[in-house]
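Undergrad: need a 3D model of the following:
(one chain, ligands or ions: 1)
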Amino acid sequence: MEKDTNFSEWYNDIVEKAGLSDKRYPIKGMNVWTPYGWKIMRITDAFIRNELDATGHDEVCFPLLIPETEFKKEKEHIKGFDSEVYWVTHAGLNELDVRLVVRPTSETAMYPMFSLWVRSHTDLPLKIYQIVNTFRYETKQTRPFIRVREIHFFESHTCHATEDEAQRQVDEDIVILKKIMEMLCIPYTLLVRTEWDKFPGAYYTVGIDTAMPNGRMLQIGSIHHYRTNFSVPYEITYEDADGAHKNVHQTTYGMSERLVGAMIGVHGDDKGLILPPPVAPFQAVIIPIPAKGNASVVAAAAEKIKDALEKAGIRVKLDDRDERPGSKFFDWEIKGVPLRLELGMRDIDNNVVTFVRRDNGEKGTVSLDDLAPGVTIILESIRKSMYEKAWAKQKECAVNIDSLDNVPERTLRFGWCGSEECGHKFEDENDLKLLGVPYIPEEFSGKCIICGKPAKAAYASRSI
Ligand code: ZN
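TA: Numbers count the residues shown, from 1 in each chain. Next comes the predicted model:
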């Protein structure tokens, strides 16, 4: 399993060997979340829930099916999704008068209800979210977590009185993003998507991208400002303090199971997964190393360590299978458990446990008198150094180019005048995807790489 020489094969291999998902389900692109993978997703969802709850969002759960009549109200939106949706056309033996869309995203499910819920300025802001599965008919080659047809994701939807307030929501979303990414140790770049690539119906879209080891950028989420583009066709209006009726300004924010795909790609190595401690189903694994005549002493001490760590809220696994320690090491390395605790008679005599970090192989001991605080400090140090290392790689991946000859397999930074003509030319003639311009403006002094006119910085990479 060589990550650097064949990332694609390495990725598929790791997903299977670590037991994250099973792609043998008889619908292509609809994979089964197996227990270990689902635990990682659930812990990730819990971080998302915490951050959204803490910023005044309320969780809801909308129906999966959307009537065609509602789905078609926003013209740009429907154009963008028409070829990707699944339809329900029959109920029992009867053909439906109004066909139903299986949600590809929930604007058209939620907004008819928003128009009933929002009446006055006192109902604003309305901030809701849900964590559900969504469906898109993906025609490209599918890949676990990265390109699937049934997608686990969260989506938040907000309504505000003014465009400025909606803009402030976008800024709050970016703060939420930072907190979630600190837990997942995933670096990211915020790019305002091009006009032709923005979310159908949006005023603007900010793509959240992370660099994969093959030099390509993976979009892991997005934030959209809609202005009143949806509230006009869906008639979401409020009465302001002066009695005037106005359309609300809306935003949405979403991230999907690609977060799991990004964690695999960003952190893993040739031995397997490397999970950030905050999301690891097991943050530490205890492996007893018994010798002749002391097996029961070692087993009892290992149990004690497990209890002490569990009591401190650390997710821990005691691997007491009847196998050689070496083969246990191998298994837990594939699964990416951040910290291995080895316990033999010599450790017990010295009142310590030996630890080995999965992220950098560092070895040491922790005193049994100070076990839980000691392990907590090491886990935090792993998280921090994984995040720093990942950011360093993300920055290293971006290269400045001023010519399109011999374009490297990296994230490209270059000048773009902003015209659609140059943008399309750039993409079509070079088989590259123009990811957009930095959301937080960057200093740039070069010229447009296509026409030579004054330009701003833009980013591109090959499509994932
Ligand atoms: Zn140009």
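Undergrad: pLDDT at the residue in the stretch 201-350 of the chain that the ion sits nearest to, what is it?
TA: Closest approach between the stretch 201-350 of the chain and the ion, counting by C-beta to the ion: residue 204, at 20.1 Å. Where C-beta positions appear, they are placed from N, C-alpha and C, glycine not excepted. pLDDT for residue 204: 98.
Undergrad: also the one 5 residues further on?
TA: We have a pLDDT of 97 for residue 209.
Undergrad: likewise for residue 464?
TA: The predicted local confidence for residue 464 is 65.
Undergrad: for residue 397, same thing?
TA: Looking at residue 397, the pLDDT reads 89.
Undergrad: the closest residue in space to residue 334 that isn't next to it in sequence: how many residues sit nearby?
TA: Leaving out its chain neighbours, the residue that sits closest to residue 334 by C-beta to C-beta, 6 or more residues apart in numbering is residue 272, at 3.5 Å. Using other C-beta atoms under 10 Å, residue 272 has 24 neighbouring residues.
Undergrad: do the same with the one 4 residues further on
TA: Here the number of neighbours of residue 276 (other C-beta under 10 Å) works out to 26.
Undergrad: give the full set of residues in contact with the spatially closest residue to it that is not a sequence neighbour.
TA: Closest residue to residue 276 apart from its sequence neighbours, by C-beta to C-beta, 6+ apart: residue 185 at 4.1 Å. Residues near residue 185 by C-beta atoms under 8 Å, 6 or more residues apart in numbering: 263, 266-267, 276, 383, 386-387, 390.
Undergrad: who is residue 250 paired with across the strands?
TA: residue 159, residue 227 (DSSP bridges).
Undergrad: is it in contact with residue 161, as I believe?
TA: No - with contacts counted by C-beta atoms under 8 Å, residue 250 stays clear of residue 161, the gap being 11.2 Å.
Undergrad: more neighbours: the two, which one.
TA: Comparing residue 250 with residue 161 by other C-beta under 10 Å, the one with more neighbours is residue 250, at 29 against 19.
Undergrad: my guess is the residue of the stretch 201-350 of the chain closest to the ion contacts residue 194. True?
TA: No - here residue 204 lies out of contact with residue 194, judged by C-beta under 8 Å, at a distance of 10.1 Å.
Undergrad: compare these two (neighbour count), which wins?
TA: residue 194 (21 against 17).
Undergrad: okay, that one: pLDDT?
TA: So residue 194 comes in at 97 (pLDDT).
Undergrad: quickly note the distance from it to residue 423.
TA: 6 Å (C-beta to C-beta, to the nearest Å).
Undergrad: ditto for residue 10
TA: From residue 10 to residue 423 the distance is 33 Å (C-beta to C-beta).
Undergrad: any idea which helix or strand carries residue 426?
TA: helix 420-430 (DSSP states H and E).
Undergrad: show the pLDDT at the residue of the chain positioned farthest from its centre.
TA: Distance to the chain centre peaks in the chain at residue 293, reaching 48.9 Å (criterion: C-alpha atoms, centre = their mean). According to the prediction, residue 293 has pLDDT 91.
Undergrad: ok, the residue of the stretch 201-350 of the chain closest to the ion - contacts?
TA: Residue 204 touches 192-193, 198, 224-225, counting by C-beta under 8 Å, 6+ apart.
Undergrad: show me the helices in the protein, by range?
TA: Residue ranges of the helices in the chain, as given by DSSP state H, are 7-17, 35-54, 68-71, 75-81, 107-117, 163-184, 258-267, 295-311, 325-334, 345-349, 371-397, 420-430.
Undergrad: can you lay out these as CSV showing mean neighbour count?
TA: Formatted as CSV, these follow (neighbours: other C-beta atoms under 10 Å):
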stretch, mean neighbour count
helix 7-17, 18
helix 35-54, 17
helix 68-71, 18
helix 75-81, 16
helix 107-117, 19
helix 163-184, 18
helix 258-267, 25
helix 295-311, 15
helix 325-334, 16
helix 345-349, 15
helix 371-397, 17
helix 420-430, 15
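Undergrad: closest one to residue 403 among those?
TA: helix 420-430 (11.1 Å; C-beta to C-beta).
Undergrad: is that closest one up against the ion anywhere?
TA: Yes - contact of helix 420-430 with the ion (C-beta under 5 Å from the ion) involves residue 422.
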